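*Asks:* Predicted coordinates and the sequence they were generated for:
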Amino acid sequence: MKKIQLKARIIANKKVSSSHYRLILEQKDILRKARPGQFVHVRVNEGLDPYFRRPFSISRAQEHLELLYAVVGRGTEILSRKKAGDELDLLGPLGNHFCMPPKGTRNVVMIAGAIGIAPFFMLSDYLRDKNYELTLLYGAKTKTQILPMRSLKDNGCRVYIATDDGTQGIKGRVSELYAKIPIDTQKTFIYACGPKPMIDSVLAFAHPNHLKGQVSAEEIMACGIGVCLGCATKTKTGYKTVCKDGPVFDLNEF
Ligand SMILES: Cc1cc2nc3c(=O)[nH]c(=O)nc-3n(C[C@H](O)[C@H](O)[C@H](O)COP(=O)(O)OP(=O)(O)OC[C@H]3O[C@@H](n4cnc5c(N)ncnc54)[C@H](O)[C@@H]3O)c2cc1C
Ligand code: FES
């Protein structure tokens, strides 16, 4: 049976924006198996508080395993206090992964809301040098919550930013940037990850324009391995678990 519960040693846990951290981990098995869009389920503390693990997308898997996380509650606040040398207990890599764009694709558009940017660092590592026009549309509340974009740009990605308060990029939601998406059913492929209202706006744009793509869904998770059904989400073909059937779904499933 494949082993998915593994220890990881923290190499660094650095603050990279006003509310985000980059966690760099030594975990060779997960590093080797990870694919873009998959996640790890992290026990943030030794004891029972908090009781459940917390899911985080694998943000990069090159020399080390990297996660990017926003501090939003108790679990992520505990995680933010972890130091280099500490150990974490992980389940992973979990879930399915983004597929590569279908044959004939020329324009790849990644749409990220807030910390939904996390899996796109790794996805762009896979898509670079493959003759795609790579575009990232990235929305956040304010400039101080925009994560450093260097590695995405190094991967050839054109980046457009929207902030709610207009402190960086255009003022407004990321949906204000959808005019940048080439409307070409055969040549454009979309990847989206972010809060539910953003995913709804992507679907509302993609469906009438017959665009293809995939979305990464978010649900609060308990087991993370398809057992408790706590993360079930409604799709056009019935209820599916985000942790095992997802987190990546075809746009047309919603
Ligand atoms: C597949 C998947 C991948 C994810 N990847 C990342 C990532 O790369 N980086 C990152 O920062 N976050 C990611 N999340 C969200 C992350 O798991 C939650 O922010 C985290 O569990 C919150 O834990 P907490 O104890 O700090 O907050 P809590 O005190 O549990 O909750 C604080 C707030 O966060 C919301 N929340 C809690 N759990 C989730 C959840 N699973 N999804 C969405 N909202 C949640 C709560 O509703 C509440 O509003 C991902 C979630 C999923 C399902
Ligand atoms: S979290 Fe238990 S089935 Fe998904």
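*Replies:* Good, I have the coordinates. Numbers count the residues shown, from 1 in each chain. Ligands and ions are numbered 1, 2, ... in the order given.

*Asks:* Get me the contact residues on the stretch 51-200 of the chain for ligand 1.
*Replies:* Selection of the stretch 51-200 of the chain residues close to ligand 1 by CB under 6 Å from any ligand atom yields 54-57, 67-70, 72-76, 115, 118. The C-beta positions use only the backbone N, C-alpha and C, and glycine is treated the same way.

*Asks:* switch to 5 Å and redo it
*Replies:* Proximity of the stretch 51-200 of the chain to ligand 1 (CB under 5 Å from any ligand atom) is limited to residues 54-57, 69-70, 72-76, 115, 118.

*Asks:* Tell me the buried residues within those.
*Replies:* Neighbour counting by 16 or more other CB atoms under 10 Å classes 54-57, 69-70, 75-76, 115, 118 among these as buried.

*Asks:* Those residues of the stretch 151-254 of the chain touching ligand 2, which are they?
*Replies:* Counting by CB under 5 Å from any ligand atom, the stretch 151-254 of the chain sits next to ligand 2 at 221-223, 226, 228-231, 241, 243.

*Asks:* of those residues, closest to Thr163?
*Replies:* For these, the residue nearest Thr163 by CB to CB is Met221; the value is 28.7 Å.

*Asks:* Give me the neighbour count for the closest one.
*Replies:* 22 (other CB atoms under 10 Å).

*Asks:* does it really touch Val40, like I thought?
*Replies:* No - between Met221 and Val40 there is no contact, the gap being 11.6 Å when judged by CB atoms under 8 Å.

*Asks:* joint contacts of those two?
*Replies:* Shared contacts of Met221 and Val40 (CB atoms under 8 Å, 6 or more residues apart in numbering): Pro55.

*Asks:* can you give me the helices in the stretch 51-200 of the chain?
*Replies:* For the stretch 51-200 of the chain, the helices defined by DSSP state H, counting those that start in this stretch cover 74-80, 118-127, 150-154, 196-206.

*Asks:* Just the buried positions in the longest one, please.
*Replies:* For helix 196-206, burial by neighbour count (16+ other CB under 10 Å) applies to 198-199, 201-203, 205-206.

*Asks:* what's the distance between Leu79 and Lys236?
*Replies:* 35 Å (CB to CB, to the nearest Å).

*Asks:* longest single strand anywhere in the chain?
*Replies:* The single longest strand within the chain, with elements called by DSSP state E, is strand 5-15.

*Asks:* Tell me if the helix or strand just after it is near ligand 1.
*Replies:* Sequence-wise, the next helix or strand downstream of strand 5-15 (DSSP states H and E) is strand 20-26. No - Strand 20-26 does not reach ligand 1 (CB under 5 Å from any ligand atom); its nearest approach is 7.3 Å.

*Asks:* Pull the residues that contact strand 20-26.
*Replies:* Contact partners of strand 20-26, identified using CB under 8 Å, 6+ apart, comprise 8-16, 56, 59, 64-71, 79-80, 82, 88, 90, 115, 145, 147.

*Asks:* Okay, now the unreliable bits of the protein?
*Replies:* 1 (pLDDT under 70).

*Asks:* which residue is nearest the middle of it?
*Replies:* Pro119 (3.4 Å; CA atoms, centre = their mean).

*Asks:* Not counting sequence-adjacent ones, nearest residue to that one?
*Replies:* Spatial nearest neighbour of Pro119, excluding adjacent residues (CB to CB, 6 or more residues apart in numbering): Ser57 at 4.2 Å.

*Asks:* how does the protein divide up, domain by domain?
*Replies:* Listed by automatic domain parsing, the domain ranges of the chain are 5-94, 107-216.
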